[in-house]
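In: Got a predicted model here, sequence first, then my questions.
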Amino acid sequence: MKYEIQREIFSTPMKKKYTHIFFDLDNTLWDFEQNSQIAMQKTLSHFKLNEKGIGFESFYDSYSIHNKKLWCEYRDGKVVKKELKELRFEQTFKELGITGIDPLEMNLFYLTEMPFQKKLVEGAVELLDYLTSKGYQLFIITNGFREVQYKKLEASGLKPFFTKVFISEDVKAPKPSPEIFEYAIKSANARKKSSLMIGDDPDVDILGALNFGIDAVLVDSGKHHTGRFTAQMNFFKDKFYVVNSLLELVSLLTPG
Ligand SMILES: [Mg+2]
């Protein structure tokens, strides 16, 4: 069902329409999945989890579930930053019966390692090089912690591509709330109709942008679709595009 609409969308010309392009960072350009796994492997060996009989996969599976749930609660304002950082490890320890490690200490080690990992989503540099050469103005809108997101951008070499970076912690409103899109559009001196949001998360990036009133492209990694999203796609069908890889955007964003 999710691709029926895609062919229709691609018949809509995008040429020359957009001047300001807003990218999500994690899993859209910076390969969060791979980078966080590498950082977690380093963290587990530092804290000698293997000596406690805990393997990487069982730890990471449990951590990912708790982390995701807590991020939803953080977005909804139910937990604050410090609680999120502590609870994602504390809940994992509890589930796996791990004792004797301070969850905040492990969180600190992990967060120190993670942003220095450099794996990018395939095609990221090629696309950004191309868009820069064509005169597009590029921006980041990301949910996350300021110090972490800036380190990722700098360590991975992405930062020079972007005119401005908008981080939810600074703006005090995370995607999908309209406030962060509004703030970004105004600061970028952009018009809604000339702006395009590109991201991997249907609910946060795509519906956030569409509900605010800017067009959006979902970079579909094939694992994030929700029923709620599919149901809303019809409503926005001429405002919304799906690609399977970043490089597909090169031909879609070719100025006429
Ligand atoms: Mg993302």
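Out: Arrived safely, thanks for sending. Numbering: from 1, shown residues only.
In: okay, and for this protein, where does confidence drop off?
Out: The chain contains residues with pLDDT under 70 at 1-16, 221-231, 255-256.
In: hey, where'd the strands end up in it?
Out: Here the chain has its strands, by DSSP state E, at 20-23, 137-142, 164-167, 195-199, 215-219, 240-243.
In: Could you point out which of those strands sits nearest the ion?
Out: The ion lies closest, by CB to the ion, to one member of those: strand 195-199, at 5.6 Å. To be clear about C-beta, it is placed using only N, CA and C from the backbone, and glycine gets the same treatment.
In: correct me, but residue 87 touches residue 63?
Out: No - distance between residue 87 and residue 63: 11.1 Å, which falls outside the contact criterion (CB atoms under 8 Å).
In: okay, these two: which has more neighbours?
Out: Under the criterion of other CB atoms under 10 Å, the comparison of residue 87 against residue 63 puts residue 63 first, with 23 against 20.
In: what does the protein have sitting close to the ion?
Out: Contacts of the chain with the ion, taken as CB under 5 Å from the ion, map to 24, 26-27, 200-201.
In: who are the neighbours in contact with residue 162?
Out: Each residue near residue 162 by CB atoms under 8 Å, 6 or more residues apart in numbering is listed here: 23, 138-140, 153.
In: May I see the residues of the chain next to the ion organised as TSV, with neighbour count added?
Out: Shown next, in TSV, are the residues of the chain next to the ion (neighbours: other CB atoms under 10 Å):
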residue	neighbour count
24	24
26	21
27	21
200	21
201	22
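In: tell me which of those is nearest to residue 129?
Out: residue 24 (18.7 Å; CB to CB).
In: Many thanks, I have nothing further to ask.
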